[in-house]
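Student: Here is my input; please provide its structure:
(one chain, ligands or ions: 1)
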Amino acid sequence: MTPATAALHDRIASLRSDVRGSVIEPTDAGYDKARTVVMGGIDRHPAAIVQVDGVDDIRRVLAVARETGAELAIRSGGHSGAGYGTTEGGLVIDLRRMKAIEVDRASKTLWAETGLTAAEVSQAAGEHGLAIGFGDTGTVGIGGITTGGGIGYLVRKHGLAIDNVLAADIVTADGELVRVDANTNPDLFWAIRGGGGNFGVVTRFQFNLADLPQVVGGMLFLPVNAEIIERFVQLADDAPDEMSTIANVMPCPPMPMVDAAWHGKLVVFGLMCFAGDAGAGEEAFRPFRELSKLAGLDAPIADLVRPITYPEMFPPEAGGEEGEYHPLAVSKNLLVDKVDRGVAEVIMDRLESLDAPMRVAQIRVMGGAMAKVPWDATAFAHRRYKVLINVAAFYEGEADRPAKQAWMEEFSDAILAAADATTRCAYVNFVNDEGPERVHDIYPAETYSRLQEIKRRYDPGNVFRLNQNIPPA
Ligand SMILES: Cc1cc2nc3c(=O)[nH]c(=O)nc-3n(C[C@H](O)[C@H](O)[C@H](O)COP(=O)(O)OP(=O)(O)OC[C@H]3O[C@@H](n4cnc5c(N)ncnc54)[C@H](O)[C@@H]3O)c2cc1C
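Tutor: Residues are numbered from 1 along each chain as shown. Predicted coordinates:
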């Protein structure tokens, strides 16, 4: 054991008596479960996972990280594709015990601690006919998704999750608890809306809520060809802002509600939400359903779109929050101005060229409320792009990974070329561990230097470095 490791172990031993939460070390029962994050292939061994219970616990762990130099991971829902919710040999601040939530029906706002998931917050707001949009997956933690942006089912009607943040409480690197809002520490308020986990541990957010007693939404399975992809994107772009769509072009999953003849065949697996009343929603869905005719079908392959409450957009997931679902996946994120026939043909061609059981081009049409916010109002700058695309494939073991990685890189380059993209841009929450240069794709130069300056003031020692890192100016 090196002197540095010995010092860290001594400090962890004292944390055991100092914190209200739990300290889990490699010799403790439950260590393997506690160190596991959502994405597969991430097998890191923290020196300790501290399941914190309040601000004082966070301060104590931060003090140990500062004094020992140990790498520090912040974990909310554990969905980071880069595995930043865990660390090799360092400390994890695991927030999942911190789930306090207070809904204020009168002001249509809520305060939520960052151990909560998107589904849990949506459920609490939904009990009052109110809603806030996070992403498409209920088990994602509000800590990670909100500090990065939050692109979900309400993005075109109500903006990104960060566009609905009114205030936050943050423990900064020196252990201070800081309130941020439009008038209090506005620089830090700006930075934590898109700047990720670079600036401190957000303990809770205050969100503005929308009146949304009902939506029309769910899964829509359509046949696919290049014309259908192109038309789908046009329709989604022309649709009222109430409509937000995610078109997953992928092999049809073996779901019982879909005729088995379609299982494994390429389809559009649409996840769609109309944030408005049933009549207008029906009308808005009609042209999407009719896309089936472009492939000679009278109706969609499967149509589960119906009037529901917003929390019902998040059905229970396989394995739940503590699930055993840990996919091995490669993925690449890109932003483009268009998906015309040329881009659609690239998508069809590359998906047809691979035989992986799970391969996808996930197409999200942006615009609406998110695009109306000025680009420099928050640290999420890429608001003018029309379409966000994620290409991804599952791989089976390390030997299979390079082939899938090469396919994915070529695929994303081909999309960018077909879309006449002149710059590479990305959304922080969909970027994996892709090196420091990639951080410049997330933050344009002006945003990056402003973030660096704020980082210098609040975290000059780069205690919060396990993220898409902004080194202090
Ligand atoms: C299945 C799946 C579906 C997804 N769908 C969407 C989607 O529809 N829309 C979308 O926008 N994103 C989506 N994402 C991406 C997701 O937003 C990011 O992976 C996000 O970082 C996950 O947050 P988390 O809290 O669950 O993850 P964690 O791994 O716990 O945290 C990720 C990082 O966020 C930062 N962080 C977390 N909590 C805090 C905090 N309290 N204070 C400061 N920093 C913090 C830290 O840097 C941490 O390393 C999806 C991811 C997955 C795996």
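Student: So what's the residue count around residue 33?
Tutor: 10 (other Cβ atoms under 10 Å). All C-beta atoms are positioned from the backbone trio N, CA, C, and that covers glycine.
Student: any idea of the pLDDT on it?
Tutor: In this prediction, residue 33 carries a pLDDT score of 95.
Student: Could you do residue 3 as well?
Tutor: pLDDT, the model's per-residue confidence, is 83 for residue 3.
Student: Check the gap between it and residue 461 for me.
Tutor: 20 Å (Cβ to Cβ, to the nearest Å).
Student: and the two? which has more neighbours close in?
Tutor: The neighbour comparison of residue 3 against residue 461 (other Cβ under 10 Å) goes to residue 461, with 12 against 7.
Student: That one in helix, strand or coil?
Tutor: Recorded secondary structure, residue 461: coil (DSSP: H, G, I helix; E, B strand; the rest coil).
Student: State the distance from it to the ligand.
Tutor: Using Cβ to the nearest ligand atom, to the nearest Å, residue 461 is found at 16 Å from the ligand.
Student: Might one say that that residue is in contact with residue 65?
Tutor: No: counting by Cβ atoms under 8 Å, residue 461 stays clear of residue 65, with 9.6 Å between them.
Student: In the stretch 301-450 of the chain, where is pLDDT below threshold?
Tutor: 318-323 (pLDDT under 70).
Student: wait, what's in contact with residue 384?
Tutor: 371, 375 (Cβ atoms under 8 Å, 6 or more residues apart in numbering).
Student: Same question for residue 424.
Tutor: Contacts of residue 424 (Cβ under 8 Å, 6+ apart): 334, 416, 441.
Student: okay, these in a markdown table with neighbour count and secondary structure next?
Tutor: Shown next, in a markdown table, are those (neighbours: other Cβ atoms under 10 Å; DSSP: H, G, I helix; E, B strand; the rest coil):
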| residue | neighbour count | secondary structure |
| --- | --- | --- |
| 334 | 23 | strand |
| 416 | 20 | helix |
| 441 | 20 | helix |
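Student: okay, now residue 259: neighbour count?
Tutor: Residue 259, neighbours per other Cβ under 10 Å, totals 10.
Student: now it: how far from residue 311?
Tutor: Applying Cβ to Cβ to residue 259 and residue 311 gives a distance of 29 Å.
Student: Residue 331 now?
Tutor: 27 Å.
Student: can you pull the contacts of residue 67?
Tutor: residue 11.
Student: which stretches of the stretch 51-200 of the chain form helices?
Tutor: Counting by DSSP state H, counting those that start in this stretch, the stretch 51-200 of the chain has helices at residues 55-68, 118-126, 142-148, 155-158, 186-191.
Student: Spell out whether whichever helix or strand comes after the last one and the ligand are in contact.
Tutor: I take that to be helix 186-191. Sequence order places strand 201-208 as the next helix or strand after helix 186-191, per DSSP states H and E. Yes: using Cβ under 6 Å from any ligand atom, we find that strand 201-208 touches the ligand at 201-202.
Student: same deal with stretch 439-450?
Tutor: No: Stretch 439-450 is not in contact with the ligand by Cβ under 6 Å from any ligand atom; minimum separation 12.4 Å.
Student: quick one: terminal-to-terminal distance for that stretch?
Tutor: This stretch, stretch 439-450, spans 14 Å end to end (Cα to Cα, to the nearest Å).
Student: next one: stretch 83-91
Tutor: For stretch 83-91, the end-to-end distance is 14 Å (Cα to Cα).
Student: can you check stretch 104-121 too?
Tutor: For stretch 104-121, the end-to-end distance is 13 Å (Cα to Cα).
Student: Check stretch 336-355 too.
Tutor: 26 Å.
Student: contacts for it?
Tutor: Against stretch 336-355 from outside (Cβ under 8 Å, 6+ apart): 224-227, 229-230, 233, 249-250, 266, 359-361, 363, 385-387, 389, 391, 393, 404, 407, 410-411, 414-416, 418-421.
Student: what does stretch 299-316 give?
Tutor: Here stretch 299-316 makes contact (Cβ under 8 Å, 6+ apart) with 118-119, 122-123, 125-126, 131, 137-138, 153-154, 212-223, 252, 255, 257-259, 262, 267, 272-273, 275, 278, 281, 285, 289, 292.
Student: Buried residues in that stretch, which are they?
Tutor: Within stretch 299-316, the residues that count as buried by 16 or more other Cβ atoms under 10 Å are 300-305, 307, 309-314.
Student: and the protein, which of its residues are near the ligand?
Tutor: Residues of the chain lying near the ligand (Cβ under 6 Å from any ligand atom): 38, 74-81, 84-85, 95, 114, 135-137, 140-141, 143-145, 147-152, 196-197, 201-202, 429-430, 466-467.
Student: Contacts only, for the residue of the stretch 151-300 of the chain found nearest the ligand.
Tutor: With Cβ to the nearest ligand atom, the shortest gap between the stretch 151-300 of the chain and the ligand falls at residue 197, namely 2.3 Å. Contact analysis of residue 197 by Cβ under 8 Å, 6+ apart lists 74, 84, 143-144, 147, 464, 466-467.
Student: do residue 329 as well
Tutor: Per Cβ under 8 Å, 6+ apart, neighbours of residue 329: 39-40, 81, 358, 392-395.
Student: Any quick PyMOL command for the buried ones out of the contacts of stretch 299-316?
Tutor: Typed into PyMOL, the next command selects the buried ones out of the contacts of stretch 299-316 (criterion: 16+ other Cβ under 10 Å):
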select buried, resi 118+119+122+123+125+126+131+137+138+153+154+212+214+215+216+217+218+219+220+221+222+223+252+258+262+267+272+273+275+281+285+292
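Student: mind listing which of the contacts of stretch 299-316 are in helices?
Tutor: Among those, the subset assigned to helices under DSSP state H consists of 118-119, 122-123, 125-126, 278, 281, 285, 289.
Student: chain center to stretch 45-52: distance?
Tutor: Offset of stretch 45-52 from its chain centre (Cα atoms, centre = their mean, to the nearest Å): 23 Å.
Student: Residue 404 is in contact with residue 397, correct?
Tutor: No: Residue 397 is not in contact with residue 404 according to Cβ under 8 Å; the separation is 10.6 Å.
Student: the more surrounded of the two?
Tutor: Legend: neighbour count by other Cβ under 10 Å for residue 397 and residue 404, higher for residue 404 (21 against 8).
Student: Please tell me how far the nearest residue to the more buried one once chain neighbours are set aside sits from residue 403.
Tutor: Spatially, and ignoring its direct neighbours in sequence, residue 404 is nearest to residue 395 (4.2 Å; Cβ to Cβ, 6 or more residues apart in numbering). Distance of residue 395 to residue 403, computed by Cβ to Cβ: 8 Å.
Student: higher neighbour count, those two?
Tutor: Between residue 395 and residue 403, counting by other Cβ under 10 Å, residue 395 is the more crowded of the two (22 against 14).
Student: Might one say that the more buried one is in contact with residue 331?
Tutor: No: proximity of residue 395 to residue 331 does not meet the contact threshold set by Cβ under 8 Å, at 10.8 Å.
Student: Give me the subset of the contacts of residue 329 lying in helices.
Tutor: Per DSSP H, helices hold no members of the contacts of residue 329.
Student: Buried among the residues you listed? Make that a ChimeraX selection.
Tutor: Command for ChimeraX that selects the buried part of the contacts of residue 329, burial taken from 16+ other Cβ under 10 Å:
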select :39,81,392,393,394,395
